[in-house]
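**Q** Quick one, structure for this:
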Amino acid sequence: MTDSTCDIYTTKVKSLKKTSPASLNSNRAIALSKTKSIIASDNKIIKIKIELPKIENKIFSKIKGIPSPFKIETSNETIYDTNLKYEIQSLSSSKSYDKISAIDSSGSVWISNYNNNTNIDDDEIVHSYSINYDNNKFTELGWAGSSFNTKDSTIIAKTQFYQKNIQIYKGDQLSQTIQLIQNPTQINYFDHEKSQTSLLAITEFNQLKIFDPRQSSNNCCIQKFTPGTSWLYSMAISSNSEYIAVGGSSRTVSVYDTKRWNNSGNWKNCLKYEITNIEFSNTRPSICYVGGLDSEVLAGEWNGSSGVDHFTGLRVDSKWLGLSKLRDQEYIFGYTGSSSIYYIDNCDKLFQGTLSEKSLHNSFTSKQEKKQQHQLNNQLKQQQQKDKQQQPNEQVMQENDSNNNNNETTTIGKARSIEGSPKGDEKHQSKKLKKEE
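**A** Below you'll find the predicted structure:
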């Protein structure tokens, strides 16, 4: 049983006594490796180093298939002061984890280099440069996000909820500004097979928009999707950039295909509260992990075929402030409002807890059943075509038979009428009675 389930670890961040709230759609957690991660609170970031022991005996709670978290201790915590003026809203990292950015509620960005090979913990994160918002311009404080270009980590795009624009920087120099119509809530660079450069995905209110920065600022929106009428708070891109998932206050995960640019599936009402975090599975591309405003993490098929069971997800001590998944690995790192952190190794096995044995068997054999059903449908179509070809011959035979029958009935009817009629001079009995009277 232990080999078929995930490993869950938890601990408290000792250097953090109280967490700042940030915005609803903020994500302030990054997993850099299985032993190193970063969280943010106020205007500071904390790098955490741990050691994950092997769990010999797992304790299972009432939640089927999911073990209780195993308590560990942090081996090292390092606090970095970003000198940002306001509260940090989002953390992001480059594709190779060599750069890290933190953006505050005014839109100012703190960017640093990260060296994962060094043995000196204090020198792993080194501040590189900052992009400060113009203090002469007034802006209302709110959510802000940033994303590194997947092909060139020196390029970073940032956006802020009330400013309604995307600013793209090359180093610390502004290179392009794209105006938005509505308030942005998430931003991500991603690769596309038909584009030599990275494309930008951004959620505005209830819409998902795709931008191509190579084109002019007025004509760079190449795709637009509207999953519903409510706010979108989260966005995820699969490891092969084939799918983009969005979710929000409708509690529905909508997934779009980046090759055909259409909707590929919807997982409706997957959580009890608004969706604030989505991650794709690498080993099972049809599965995604969702987290919301409460303390739940749930795994399921994003096309909705696995259904929803809110008693099978992982529940923690308080609401999530951030969830992060390692690229190309089934490993999730989470950070909660009670300054607790959680590590889920082999998180793809969370999906086993959401299904019964019968449904697992059905999901495993669904492809074979579809093939069998397809073969049966083809056989039925062929039989129907044969029946249609035989119907004209049968109709002709039936018409001939009916004509013969009609002739026989008419002659028989005439014979009966002649036999029943009075012969020669014989008169009807009623006429004879009248004359006698």
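
**Q** Could you tell me which ranges of this protein sit under the pLDDT cut-off?
**A** Along the chain, segments meeting pLDDT under 70 span 1-3, 62-64, 117-123, 309-312, 352-372, 390-437.

**Q** quick one, strands of the stretch 201-350 of the chain?
**A** 207-211, 221-225, 232-237, 243-248, 253-257, 262-267, 275-280, 287-292, 296-301, 314-315, 320-325, 331-336, 340-345 (DSSP state E, counting those that start in this stretch).

**Q** just checking, S61 touches S68?
**A** Yes: with contact defined as C-beta atoms under 8 Å, S61 and S68 form a contacting pair (5.0 Å). (C-beta placed from N, C-alpha, C; glycine too.)

**Q** can I get the strands of the stretch 201-350 of the chain in JSON lines with distance to N83 and mean neighbour count?
**A** Listed next are the strands of the stretch 201-350 of the chain as JSON lines, based on distance: least, C-beta to C-beta, whole Å; neighbours: other C-beta atoms under 10 Å:
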{"stretch": "strand 207-211", "distance to N83": "31", "mean neighbour count": "20"}
{"stretch": "strand 221-225", "distance to N83": "35", "mean neighbour count": "15"}
{"stretch": "strand 232-237", "distance to N83": "28", "mean neighbour count": "24"}
{"stretch": "strand 243-248", "distance to N83": "32", "mean neighbour count": "26"}
{"stretch": "strand 253-257", "distance to N83": "37", "mean neighbour count": "22"}
{"stretch": "strand 262-267", "distance to N83": "41", "mean neighbour count": "17"}
{"stretch": "strand 275-280", "distance to N83": "28", "mean neighbour count": "25"}
{"stretch": "strand 287-292", "distance to N83": "30", "mean neighbour count": "25"}
{"stretch": "strand 296-301", "distance to N83": "33", "mean neighbour count": "24"}
{"stretch": "strand 314-315", "distance to N83": "36", "mean neighbour count": "20"}
{"stretch": "strand 320-325", "distance to N83": "21", "mean neighbour count": "24"}
{"stretch": "strand 331-336", "distance to N83": "22", "mean neighbour count": "26"}
{"stretch": "strand 340-345", "distance to N83": "25", "mean neighbour count": "22"}
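
**Q** Dump those into CSV; add distance to V13 as well.
**A** Shown next, in CSV, are the strands of the stretch 201-350 of the chain (distance: least, C-beta to C-beta, whole Å):
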stretch, distance to V13
strand 207-211, 34
strand 221-225, 38
strand 232-237, 23
strand 243-248, 27
strand 253-257, 30
strand 262-267, 32
strand 275-280, 19
strand 287-292, 19
strand 296-301, 19
strand 314-315, 19
strand 320-325, 11
strand 331-336, 8
strand 340-345, 6
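
**Q** helix/strand/coil for I111?
**A** strand (DSSP: H, G, I helix; E, B strand; the rest coil).

**Q** re the thing from before, more neighbours: S61 and S68, which one.
**A** When S61 and S68 are compared for neighbours, S68 comes out ahead with 13 against 10, by other C-beta atoms under 10 Å.

**Q** Help me confirm that that one comes into contact with I8.
**A** Yes: look at S68 against I8 with C-beta under 8 Å: they come within range, at 7.4 Å.

**Q** Now do the contacts for the closest residue to T336 other than its chain neighbours.
**A** Closest residue in space to T336, ignoring its immediate chain neighbours: S318 at 4.6 Å, by C-beta to C-beta, 6 or more residues apart in numbering. Neighbour list for S318: S295, T336, G337, S338, S340 [criterion: C-beta atoms under 8 Å, 6 or more residues apart in numbering].

**Q** Ok, G142 next?
**A** Neighbour list for G142: S23, S105, Q160, F161, Y162 [criterion: C-beta under 8 Å, 6+ apart].

**Q** Just read off the phi/psi values of the closest residue to it other than its chain neighbours.
**A** Closest residue to G142 apart from its sequence neighbours, by C-beta to C-beta, 6+ apart: F161 at 3.7 Å. Note on F161: backbone dihedrals following degrees, to the nearest 10 are phi -60, psi -50.

**Q** Check N219 too.
**A** Residue torsions, per degrees, to the nearest 10, at N219 are phi -130, psi 20.

**Q** Give me the distance between it and K170.
**A** Distance of N219 to K170, given as C-beta to C-beta, to the nearest Å: 21 Å.

**Q** of these two, who's got more company?
**A** K170 (13 against 8).

**Q** how many neighbours does F351 have?
**A** 24.

**Q** wait, it sits on G300?
**A** Yes: the criterion here is C-beta under 8 Å, and F351 meets it with G300 at 6.8 Å.

**Q** Touching both of the two, which residues are there?
**A** I287, S306.

**Q** Contacts only, for the nearest residue to V109 once chain neighbours are set aside.
**A** Take V109 and drop its neighbours on the chain: the residue closest to it by C-beta to C-beta, 6+ apart is I131, 4.3 Å away. I131 makes contact with S108, V109, I111, I156, K158, Y169, D172 under the criterion C-beta under 8 Å, 6+ apart.

**Q** and the gap between the nearest residue to W261 once chain neighbours are set aside and M235?
**A** In space, and not counting its chain neighbours, W261 is closest to Q223: 5.4 Å by C-beta to C-beta, 6+ apart. Taking C-beta to C-beta as the measure, Q223 falls 14 Å from M235.

**Q** Also N206?
**A** 13 Å.

**Q** do Y331 as well
**A** 20 Å.

**Q** can you check Q383 too?
**A** 49 Å.

**Q** do the same with K99
**A** Where M235 is concerned, K99 sits at a distance of 20 Å (C-beta to C-beta).

**Q** Ok, S340 next?
**A** From S340 to M235 the distance is 25 Å (C-beta to C-beta).

**Q** Same check on Q89?
**A** For Q89, the distance to M235 - C-beta to C-beta - is 15 Å.

**Q** from the contacts of G142, which is closest to L141?
**A** Comparing those against L141 with C-beta to C-beta picks out S105 as the nearest, at 4.1 Å.

**Q** how many other residues sit next to that closest one?
**A** 26.

**Q** from now on call the first residue 53
**A** Done: numbering now begins at 53, and the last item shifts to S157.

**Q** What's opposite the nearest residue to S333 once chain neighbours are set aside in the beta bridge?
**A** What sits nearest to S333 in space, not counting adjacent residues and going by C-beta to C-beta, 6+ apart, is I339, at 4.2 Å. Note on I339: beta-bridge partners by DSSP bridges are E353.

**Q** how about I339, what does it touch?
**A** F332, S333, A351, G352, E353, W354, D400, F403.

**Q** Which single one of these is nearest to I262?
**A** Checking the contacts of I339 one by one against I262 (C-beta to C-beta), the nearest turns out to be F332, at 17.5 Å.

**Q** shouldn't I274 be in contact with I262?
**A** Yes: under the criterion of C-beta under 8 Å, I274 makes contact with I262 at 5.4 Å.
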